[in-house]
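**Q** Task: produce atomic coordinates for the following.
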Amino acid sequence: MNLISMRATPLSRLLDDEQAPRRVTPLDAFKLARSKWLAGERLDVGKLAAELGVGRATVFRWVGTRENLYGEICSALFQKELDRAASGAKGQGLDRLVDTMERLLRSLAAAAPLRRFVAEDPEFALRVLTSKHSPVQRRCTVAIEKLIEEYVATPALPPDELGYIVVRITESFLYRDVLTGVAADIEAAIAAIRILLSASPDRSRKRVTRRS
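**A** Numbers count the residues shown, from 1 in each chain. Prediction:
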């Protein structure tokens with residue numbers, strides 16, 4: 001049989017692809033940036049591009065802005081810690097949700113890369129972590145909204161609004177030392193979240209207006 005005329009199979013194509021140089025993707029840029037952030041390095045798009053072997057403009061096209069890249073990294077940290085907190089949470093319904101939030105806040109408060117990031121440049125870090133223009137707040141709100149839908153039977157407000165308020169509460173207490181000079185207060189945050197999520201529905205209340 002003429003080997004040249006043999007039809008390629010899915011397996012042969014995969015094996016051929018393994019021999020070919022792999023193209024660098026936006027995910028490679030994210031992983032490299034995340035590893036540097038976790039190691040305590042400041043992100044430099046030019047250096048990232050050089051290590052990846054692509055142009056600086058290409059990396060900017062992939063990630064948007066340096067601020068947005070930090071936001072994606074912090075969002076990934078939040079989701080990882082939330083998944084871990086949810087898997088270890090105790091109780092049922094609201095109790096399980098509150099326990100999840102407490103575990104999450106304690107892990108974030110103890111996360112060295114996050115605390116270092118906030119301490120080195122508080123103004124920039126808070127813009128990344130709390131601004132409506134950053135992916136962090138949006139991704140966190142969606143994640144909390146899903147938990148509320150799962151664990152709160154009759155929420156006082158629509159889950160998306162409650163999710164947003166819970167995120168704002170966590171921001172206020174978790175970064176309290178930067179905002180006011182007073183130490184972070186996890187217990188106060190959890191107490192406020194429990195009160196909010198256990199409130200009785202009041203359909204006459206107006207929908208919350210979101211502000212940055």
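
**Q** mind listing the helices for this structure?
**A** 10-19, 26-38, 45-52, 56-63, 66-88, 93-110, 112-120, 122-130, 135-151, 159-174, 176-180, 186-198 (DSSP state H).

**Q** What are the buried residues along the third one?
**A** Going by neighbour count (16 or more other CB atoms under 10 Å), the buried part of helix 45-52 is Val45, Lys47, Leu48, Ala49, Leu52. (C-beta placed from N, C-alpha, C; glycine too.)

**Q** contacting residues around the residue nearest the centre of the chain?
**A** By CA atoms, centre = their mean, the chain has its centre lying nearest to Ser75, at 1.6 Å. Contact analysis of Ser75 by CB atoms under 8 Å, 6 or more residues apart in numbering lists Pro135, Val136, Arg139, Cys140.

**Q** what sits against the nearest residue to Leu147 once chain neighbours are set aside?
**A** Leaving aside its chain neighbours, Leu147 sits nearest to Leu97 (5.5 Å; criterion: CB to CB, 6 or more residues apart in numbering). Leu97 is in contact with Ala89, Leu147, Ile148, Glu150, Tyr151, Val152, Leu197, counting by CB under 8 Å, 6+ apart.

**Q** Can you mark which positions in stretch 172-185 are buried?
**A** Ser172, Phe173, Leu174, Tyr175, Arg176, Asp177, Val178, Ala184, Asp185.

**Q** Domains in this structure, by residue range?
**A** According to automatic domain parsing, the chain comprises the domains 24-64, 66-198.

**Q** Out of those domains, which one sits most buried?
**A** domain 66-198 (a mean of 17; mean count of other CB atoms under 10 Å).

**Q** Endpoints of that one, how far apart?
**A** This stretch, domain 66-198, spans 39 Å end to end (CA to CA, to the nearest Å).
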